[in-house]
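>>> Any chance you could fold what I've pasted below:
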Amino acid sequence: MEFLNEIKITQKSARKTMSNYYDCLRAVIEAMAALDGIKSYSHEAFTFYLKENKKESILSEKFDRLRKIRNGIEYYGKEISEEEVKDHKKEILKIIEALRNKYLKGVEA
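All right, here's what the predicted structure looks like:
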């Protein structure tokens, strides 16, 4: 995250930056699941984990939307604008902060 926060979001960096911010969010959710004894290699499974195990329906929906954006970029070559990435970055950072404060307090990064 520290490294990503130093990256200037440009049209050239937009796709990779978005994917990397998504990966940071997924890693936080993966850490939460691991603390609950759950291991999954499916990004989609984390959507259900948030919804069913943590009762975080809104965050689950946001994560799933971001997952689909990332998949479009990674697997289908979809483009994303600088502004979209900046907006998603803000949203992802808020979600990460909320999840870390609620579920990962006292856990070292």
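
>>> List the contacts of residue 63.
Contacts for residue 63 (C-beta atoms under 8 Å, 6 or more residues apart in numbering) come out as 25, 29, 46-47, 50, 95. (Each C-beta comes from the backbone N, C-alpha and C, glycine too.)

>>> which element is the residue nearest the centre of the chain on?
Closest residue to the average C-alpha location of the chain: residue 25 at 2.8 Å, with C-alpha atoms, centre = their mean. Using DSSP states H and E, residue 25 sits within helix 14-35.

>>> Which strands and helices lie in contact with that helix?
Helix 14-35 makes packing contacts with helix 2-6, helix 43-48, helix 57-76, helix 82-103 when contacts are defined by 3 or more C-beta pairs under 8 Å, 6 or more residues apart in numbering; DSSP states H and E.

>>> Using CSV, write down the CA coordinates of that helix.
Provided in CSV are the C-alpha atoms of helix 14-35 (Å, rounded to 0.1, in the frame of the first residue of the first chain):
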residue,chain,number,x,y,z
ALA,A,14,-4.4,3.1,-14.5
ARG,A,15,-5.0,-0.6,-15.3
LYS,A,16,-2.2,-2.0,-13.2
THR,A,17,-2.8,0.4,-10.4
MET,A,18,-6.4,-0.6,-10.1
SER,A,19,-5.6,-4.2,-10.1
ASN,A,20,-3.0,-3.7,-7.4
TYR,A,21,-5.4,-1.8,-5.2
TYR,A,22,-8.0,-4.5,-5.6
ASP,A,23,-5.3,-7.1,-4.6
CYS,A,24,-4.6,-5.1,-1.4
LEU,A,25,-8.3,-5.3,-0.5
ARG,A,26,-8.5,-9.0,-1.3
ALA,A,27,-5.5,-9.6,0.9
VAL,A,28,-7.2,-7.9,3.8
ILE,A,29,-10.3,-10.1,3.3
GLU,A,30,-8.1,-13.2,2.9
ALA,A,31,-6.4,-12.3,6.3
MET,A,32,-9.8,-12.0,7.9
ALA,A,33,-10.8,-15.4,6.5
ALA,A,34,-7.6,-17.0,7.6
LEU,A,35,-8.2,-15.8,11.2
